[in-house]
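Undergrad: Could you work out the structure for the sequence below:
(one chain, ligands or ions: 1)
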Amino acid sequence: MSRHERLRKRPFDTLEDNSYFAHSPIFSIQRHLARPLVPASQKFFHLQCRDRSGFPTETMSDYAGHLRRARIRQASLRDALAEHFAERDEFVLEIGCGHGHFLAAYAAAHPEEHCVGFDLVTRRIARAEKKRRDRELNNLAFFKAEVDEFLFGLPAHVRITRIFLLFPDPWPKKRHWKHRLTRYDRLERLAARTSDHGDLFFRTDDHPFFEWTEETIRTHPAWEVVPERPWPFEADTVFQGFAPRHYSLCAIRCPSKPT
Ligand SMILES: C[S@@+](CC[C@H](N)C(=O)[O-])C[C@H]1O[C@@H](n2cnc3c(N)ncnc32)[C@H](O)[C@@H]1O
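TA: Okay, the predicted model is just below:
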């Protein structure tokens with residue numbers, strides 16, 4: 001059993017009351033191991049939030065800090081996007097672009113299109129940015145951003161003409177489906193920012209996830225699956241390089257259907 005699992009199994013009170021550890025022969029080691037899981041601000045223990053198993057997750061004070069940091073991050077992303085799109089009104093988007101392999105190749109092959117990729121992970125964006133600089137691609141930009149924050153921060157006049165969603169995390173467990181990037185409400189938000197007849201290209205190596213996404217897109221009034229549409233551009237992504245096979249889907253934003 002891992003240290004994390006061991007600590008999860010303990011009732012919270014035993015963590016709060018160090019006597020549990022005091023009677024243990026390896027008290028100091030356990031106290032040391034427990035430290036990263038227990039917030040530093042001990043005085044806020046009574047305000048502890050717990051997950052479903054009762055394990056302490058964040059203190060209220062941490063939560064307030066989390067909200068404050070999120071507001072700062074969102075404001076700075078909004079400013080960066082406003083500056084970037086001051087003189088542009090449409091672009092090609094890659095969501096979860098990882099190291100930027102695909103979008104850098106796409107932007108090099110389509111100098112007339114403006115391309116933007118974003119990803120949650122800072123070091124991936126740093127590597128993508130290096131590709132952009134090395135190849136001197138002036139029609140390409142990368143942002144470190146979360147998908148909902150990106151769409152929320154996008155200036156109102158800007159429209160997406162083409163979306164690539166390549167090998168997003170499949171989140172196979174049902175209780176994790178809410179994290180999927182192809183969730184119905186995300187498709188809704190994407191549709192609201194996509195121009196009429198704009199296209200969405202989705203690819204994954206996970207067949208159940210592919211079927212789930214295809215079904216979600218089919219049920220969404222703003223998108224129409226277009227099986228005959230050819231994949232517009234091929235360049236391996238990191239995950240495509242690992243995958244023995246993959247499944248691709250194209251959809252268009254229906255002008256006649258509301259978001
Ligand atoms: C499985 S990787 C695929 C990366 C790349 N598209 C490829 O094919 O190599 C999924 C990527 O999506 C990013 N990601 C996951 N959830 C995200 C979110 N909510 N907003 C932005 N990026 C996200 C991850 O950081 C990760 O880089």
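Undergrad: Give me the phi and psi for whichever residue of the stretch 101-250 of the chain sits closest to the ligand.
TA: With Cβ to the nearest ligand atom as the measure, Thr237 is the residue of the stretch 101-250 of the chain nearest to the ligand, at 3.1 Å. C-beta: built from backbone N, CA, C; applies to glycine. As for Thr237, its main-chain torsions (degrees, to the nearest 10) stand at phi -100, psi 170.
Undergrad: Check the one 4 residues further on too.
TA: The phi and psi torsions at Gly241 (degrees, to the nearest 10) take the values phi -60, psi -30.
Undergrad: what's the neighbour count on it?
TA: For Gly241, the count of nearby residues is 9 (other Cβ atoms under 10 Å).
Undergrad: Write out the residues of the stretch 151-259 of the chain neighbouring the ligand.
TA: Counting by Cβ under 6 Å from any ligand atom, the stretch 151-259 of the chain comes close to the ligand at Leu166, Phe167, Pro168, Asp169, Thr237, Val238, Phe239, Gln240.
Undergrad: ok, 5 Å please
TA: Leu166, Phe167, Thr237, Val238, Phe239 (Cβ under 5 Å from any ligand atom).
Undergrad: residue contacts, the closest residue to the ligand within the stretch 1-150 of the chain?
TA: Among the residues of the stretch 1-150 of the chain, Gly96 lies nearest to the ligand; the distance is 2.6 Å by Cβ to the nearest ligand atom. The neighbours of Gly96, taking Cβ atoms under 8 Å, 6 or more residues apart in numbering as the test, are Phe118, Asp119, Leu120, Val147, Leu165, Leu166, Phe167, Pro168, Asp169, Leu181.
Undergrad: Mind checking which of those residues are in strands?
TA: Phe118, Asp119, Leu165, Leu166 (DSSP state E).
Undergrad: and the second one, how many neighbours?
TA: Other residues lying near Asp119 total 24 when counted by other Cβ under 10 Å.
Undergrad: Also the first one?
TA: The tally of other residues near Phe118 (other Cβ under 10 Å) stands at 24.
Undergrad: Was I right to think it contacts Phe143?
TA: Yes. At 4.4 Å, Phe118 counts as touching Phe143 under the criterion of Cβ atoms under 8 Å.
Undergrad: Give the residues shared as contacts by these two.
TA: Listed contacts common to Phe118 and Phe143 are Ile125, Phe150; contacts here mean Cβ under 8 Å, 6+ apart.
Undergrad: Strands of the stretch 151-259 of the chain, start to end?
TA: Counting by DSSP state E, counting those that start in this stretch, the stretch 151-259 of the chain has strands at residues 159-166, 194-204, 223-225, 247-253.
Undergrad: quick one on the thing from earlier: any chance of a ChimeraX selection covering the buried ones in the contacts of Gly96?
TA: The ChimeraX selection below is limited to those of the contacts of Gly96 classed as buried (16 or more other Cβ atoms under 10 Å):
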select :118,119,147,165,166,167,168,181
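Undergrad: was I right about Phe142 contacting His101?
TA: No. Checked against Cβ under 8 Å, the pair Phe142 and His101 is beyond contact range at 11.9 Å.
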